[in-house]
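**Student:** Have a look at this prediction, sequence included:
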Amino acid sequence: DSGVTQTPKHLITATGQRVTLRCSPRSGDLSVYWYQQSLDQGLQFLIQYYNGEERAKGNILERFSAQQFPDLHSELNLSSLELGDSALYFCASSVTPSGGSYNEQFFGPGTRLTVL
Amino acid sequence: GNSVTQMEGPVTLSEEAFLTINCTYTATGYPSLFWYVQYPGEGLQLLLKATKADDKGSNKGFEATYRKETTSFHLEKGSVQVSDSAVYFCALSPLNTGNQFYFGTGTSLTVIP
């Protein structure tokens, strides 16, 4: 158990809909990362937050957005869903927002999104 | 730019065989290097890491050495077990950046009794 929690575990929805994925980082971790894992794209970094502020953006679509709240939990919002958005979405957290000696990321169990 | 190239899978080995999964990287500066493991139906778990050249990371019988001269971080284990069946990801985190991780494509390992 990494200490990172994600809800829900599974989500099934229809095209055009909007969903929200939730992540709680490990106790003490200020930085949160979102990743998308699909069979054809592998593990893709989406976005990073540090202490409530967006820190880095990766391959995140405009239909997707995220935020980190004062209690440090984070939500990933996916809208106008398409079939191709079906994937595993992982959240990770780390102590520091930057590279360095204690920068390993701890991953949650993921949310499996199926868009029908 | 930053990138990780991993050995293509899948890899199938018999129990007690020697494992090597190759990983090479391209990075600006001196990154930290990681191996993560993903067991079926689970999230990624940190297996080992190395933060500077010639460092050796080790855990659960797995080892990897940070080789700056060959920009490599190959994963090895002397005697694999059925329970090692999983997908292994090599990753790098460039120093002095936002700790964005760059992952390889993953290598699936199946160990048969």
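**Tutor:** In hand now; what should we look at?
**Student:** I'd like the next helix or strand past whatever helix or strand residue B:36 lives in.
**Tutor:** Here residue B:36 sits within strand B:32-38, counting by DSSP states H and E. Proceeding N to C from strand B:32-38, the next assigned helix or strand is strand B:44-50, under DSSP H and E.
**Student:** got the contact list for that next one?
**Tutor:** A:2, A:43, A:90, A:92, A:104-107, B:32-39, B:56-60, B:62-66, B:73, B:75, B:88-89 (Cβ atoms under 8 Å, 6 or more residues apart in numbering or on different chains). C-betas here are computed from N, CA, C, even on glycine.
**Student:** Kindly export the helix or strand residue A:11 falls within (C-alpha atoms) in PDB.
**Tutor:** In the assignment (DSSP H and E), residue A:11 maps to strand A:10-13. Presented in PDB, the C-alpha positions along strand A:10-13 are these (Å, rounded to 0.1, in the frame of the first residue of the first chain):
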ATOM      1  CA  HIS A  10     -13.900   1.600 -11.800                       C
ATOM      2  CA  LEU A  11     -16.000   4.000 -13.800                       C
ATOM      3  CA  ILE A  12     -18.200   3.200 -16.800                       C
ATOM      4  CA  THR A  13     -19.900   6.000 -18.700                       C
END
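**Student:** Quick one: list the elements packing against that strand.
**Tutor:** The elements that strand A:10-13 packs onto, with contact taken as 3 or more Cβ pairs under 8 Å, 6 or more residues apart in numbering or on different chains; DSSP states H and E, are strand A:19-24, strand A:111-115.
**Student:** Quick one: those as a markdown table, columns for mean pLDDT and distance to chain B too.
**Tutor:** Putting those into a markdown table (pLDDT from 0 to 100; distance: least, Cβ to the nearest Cβ, whole Å) gives the following:
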| stretch | mean pLDDT | distance to chain B |
| --- | --- | --- |
| strand A:19-24 | 98 | 11 |
| strand A:111-115 | 96 | 9 |
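**Student:** Just put these in CSV and tack on mean neighbour count and distance to residue B:52.
**Tutor:** Output for the helices and strands packed on strand A:10-13, formatted as CSV (neighbours: other Cβ atoms under 10 Å in any protein chain shown; distance: least, Cβ to Cβ, whole Å):
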stretch, mean neighbour count, distance to residue B:52
strand A:19-24, 19, 31
strand A:111-115, 18, 35
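**Student:** looking at the ones you listed, which is closest to residue A:77?
**Tutor:** strand A:19-24 (5.3 Å; Cβ to Cβ).
**Student:** Distance from the chain centre to the helix or strand following that closest one, please.
**Tutor:** The element immediately downstream of strand A:19-24 (helix or strand, assigned by DSSP H and E) is strand A:31-38. Distance of strand A:31-38 from the chain centroid (Cα atoms, centre = their mean, to the nearest Å) equals 4 Å.
**Student:** Determine if any part of whatever helix or strand comes next after strand A:31-38 is in contact with chain B.
**Tutor:** Where DSSP H and E defines the elements, the next helix or strand beyond strand A:31-38 is strand A:42-50. Yes - legend: contact between strand A:42-50 and chain B by Cβ under 8 Å from any Cβ of the partner chain is shown at A:42, A:43, A:45, A:48, A:50.
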